[in-house]
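K.L.:
take this sequence and fold it.
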Amino acid sequence: MKNDQINQCPNIRRIAVVGSGLAGLSAAILLKQQNHQVTVFEKSRGPGGRLAAKRVTGGSADIGAQYFTIRNPDFRAFLERYAGPDSFGPWPGRLGFQQSDGYWQSFPDEPRYVGIPRMTAVSRALASSVDVRAEVRIATMAREDSGWFLTDTTAQRHGPFDQIILTAPPAQARDLLAASGLQELAQSLDGAVAAMQPCWALAAHFKAAPYDVFEGLRPDNNVLSWVANNSSKPGREGEGQWWVLHATSQWSAANVDTPPAEVIATMLEAFRTVTGTDLSPDETVAHRWLYARSDSNEQPGCLWFPGEGIGLAGDWLCGGRVEGAFDSASALVRRMTR
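P.N.:
Model (predicted):
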C-alpha cells in the first residue's frame, strides 16, 4: 500500500522565479496551481515590474504601463480569481492620436483597464498568492547534484531548485546568465538586448487642468510619445491633476544620460506645444526606464532551454503589451510542464 501511495503522488518540482512583474507572478501562480513549489525573488521592496507607480504628493502616479487590455479570456479569469475584481477596473478616458497633418482622431473603441487605486494594485494582489522574497537580488546561479542554487548579492544561497524562470529585461537576464557561466544562453539574448529601447517618464502636477480635450494622447511629436491625465483614472482622487508624460524611444535613447532637470524642462516644453497650455506644474518627478520596450519583430512568446531547465518570460517576448506578459508566462508554463 505504501509503494502504491508513493507512485500516485504528483511529481512536485521546486521552481525559482526571478522577478515579480506580471510575467513572474503569473508563472508562479500557474505553477502553484499544478502543486509545484515556487519561490519568487524580487530585487525591489515590492512587486510591480512594468505595472509601476511613483509615490507623489496626494497619492501616486502611474509611470510605467498606462493601461492594459483584456483580449484573452483566460487573462480576465486569472485576474478576477487571483487579483480580485476590486484591484482593477475600466478607464473610460477619452484617448486620441495625432496624425502627421496635425489633426486628432479618437482611439478605436476598446475597453481599457487600470489598477485601482494605482497600477501596482494588480501586482500586489497577485503577489499575495505566492511566496515572494523581496529585496533579494540574485547575482549567480550554479547547478549542483541536488539542483540549482541561487546566490544573492549578500552571498546568501537559496535552493536547491529543479528549474528556474527569469522574467527580468533581456539585458539583466543576459548578465545573470553570463555571471553564472552560461555563456551560450547569454549570447542567445544579444539580439533581444539590442532591440530594447529606453524611455524617460515624467509625472507633473498642475493645480488647475492644463488640458481637457482628451485624457490620453499619442501626439505627433519628436519628444513625447504619450501624454495622460493620471487623475482621470478611477481611484486617483486628489486636488489638482497629475499628468504623466512618456518620451519617444528615439529621444530617450539620445538623452539617456542627460541630467533629469534638462529632461524635465524639454518634456514640459513639448507638453505645452502638444496641449497649448501656458500653465506650469508645481511638482515634477522623473524616472528613466532603461528597458521600456522592444522594437524586435521576433515574438517567440517565451524561451525554454530544457537541457538546463531555465526559461524566460516577459512582455518583450510577446508583443510588448501588459497582457503579453501573462500570455508569455502561460506559454512557458505549458512548455515546462508538457
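K.L.:
ok, now which ones touch the residue most central in space within the chain?
P.N.:
In the chain, the residue lying closest to the centroid (Cα atoms, centre = their mean) is R50, at 2.2 Å. Shown in contact with R50 (Cβ atoms under 8 Å, 6 or more residues apart in numbering): G21, L22, G64, A65, D315, V322, A325. Yep, even glycine has a C-beta here, placed from its N, CA and C like the rest.
K.L.:
what are the ranges of the strands in the stretch 51-200 of the chain?
P.N.:
Per DSSP state E, counting those that start in this stretch, the stretch 51-200 of the chain carries strands over the ranges 53-56, 59-62, 88-90, 95-98, 104-106, 113-115, 131-133, 138-144, 147-152, 157-161, 163-166, 196-206.
K.L.:
to L31, which of the ones you listed lies closest?
P.N.:
The closest of the strands of the stretch 51-200 of the chain to L31 is strand 163-166. By Cβ to Cβ, the value is 8.4 Å.
K.L.:
touching that closest one from outside, list them.
P.N.:
13-19, 24, 27, 141, 148, 150, 173, 176-177, 309-313, 332, 336.
K.L.:
and it, how far out from the chain middle?
P.N.:
18 Å (Cα atoms, centre = their mean, to the nearest Å).
K.L.:
strand partners (parallel or antiparallel) of that strand?
P.N.:
Sheet pairing of strand 163-166 (DSSP bridges) gives strand 14-18 (parallel), strand 310-312 (parallel).
K.L.:
in JSON lines: those strands, plus distance to E262.
P.N.:
Formatted as JSON lines, those follow (distance: least, Cβ to Cβ, whole Å):
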{"stretch": "strand 14-18", "distance to E262": "34"}
{"stretch": "strand 310-312", "distance to E262": "35"}
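K.L.:
export the ones you listed to CSV and tack on mean pLDDT and distance to D86?
P.N.:
Compiled in CSV, these are given as follows (pLDDT from 0 to 100; distance: least, Cβ to Cβ, whole Å):
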stretch, mean pLDDT, distance to D86
strand 14-18, 98, 25
strand 310-312, 98, 32
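K.L.:
can you put the ones you listed in TSV and add mean neighbour count?
P.N.:
Formatted as TSV, the strands paired with strand 163-166 follow (neighbours: other Cβ atoms under 10 Å):
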stretch	mean neighbour count
strand 14-18	24
strand 310-312	25
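K.L.:
which one of those strands lies nearest to T57?
P.N.:
Nearest to T57 among the strands paired with strand 163-166 is strand 14-18; the distance by Cβ to Cβ comes to 33.6 Å.
K.L.:
next one: phi and psi at S128?
P.N.:
phi -70, psi -10 (degrees, to the nearest 10).
K.L.:
quick one, domains of this protein?
P.N.:
11-51+123-193+299-336, 80-117+194-294 (automatic domain parsing).
K.L.:
looking at those, which one is packed in the most?
P.N.:
domain 11-51+123-193+299-336 (a mean of 20; mean count of other Cβ atoms under 10 Å).
K.L.:
follow-up on the earlier one: save the strands of the stretch 51-200 of the chain as JSON lines, and put in distance to N230 and mean pLDDT too.
P.N.:
Below are the strands of the stretch 51-200 of the chain laid out as JSON lines (distance: least, Cβ to Cβ, whole Å; pLDDT from 0 to 100):
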{"stretch": "strand 53-56", "distance to N230": "9", "mean pLDDT": "92"}
{"stretch": "strand 59-62", "distance to N230": "5", "mean pLDDT": "94"}
{"stretch": "strand 88-90", "distance to N230": "15", "mean pLDDT": "98"}
{"stretch": "strand 95-98", "distance to N230": "13", "mean pLDDT": "97"}
{"stretch": "strand 104-106", "distance to N230": "20", "mean pLDDT": "96"}
{"stretch": "strand 113-115", "distance to N230": "9", "mean pLDDT": "98"}
{"stretch": "strand 131-133", "distance to N230": "26", "mean pLDDT": "97"}
{"stretch": "strand 138-144", "distance to N230": "33", "mean pLDDT": "98"}
{"stretch": "strand 147-152", "distance to N230": "34", "mean pLDDT": "98"}
{"stretch": "strand 157-161", "distance to N230": "37", "mean pLDDT": "98"}
{"stretch": "strand 163-166", "distance to N230": "31", "mean pLDDT": "98"}
{"stretch": "strand 196-206", "distance to N230": "7", "mean pLDDT": "98"}
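K.L.:
got CSV for the ones you listed, with distance to Q183 too?
P.N.:
CSV is the format used below for the strands of the stretch 51-200 of the chain (distance: least, Cβ to Cβ, whole Å):
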stretch, distance to Q183
strand 53-56, 37
strand 59-62, 38
strand 88-90, 41
strand 95-98, 44
strand 104-106, 49
strand 113-115, 39
strand 131-133, 27
strand 138-144, 13
strand 147-152, 17
strand 157-161, 21
strand 163-166, 15
strand 196-206, 20
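K.L.:
to I70, which of those strands lies closest?
P.N.:
Nearest of the strands of the stretch 51-200 of the chain (Cβ to Cβ): strand 113-115, 6.2 Å.
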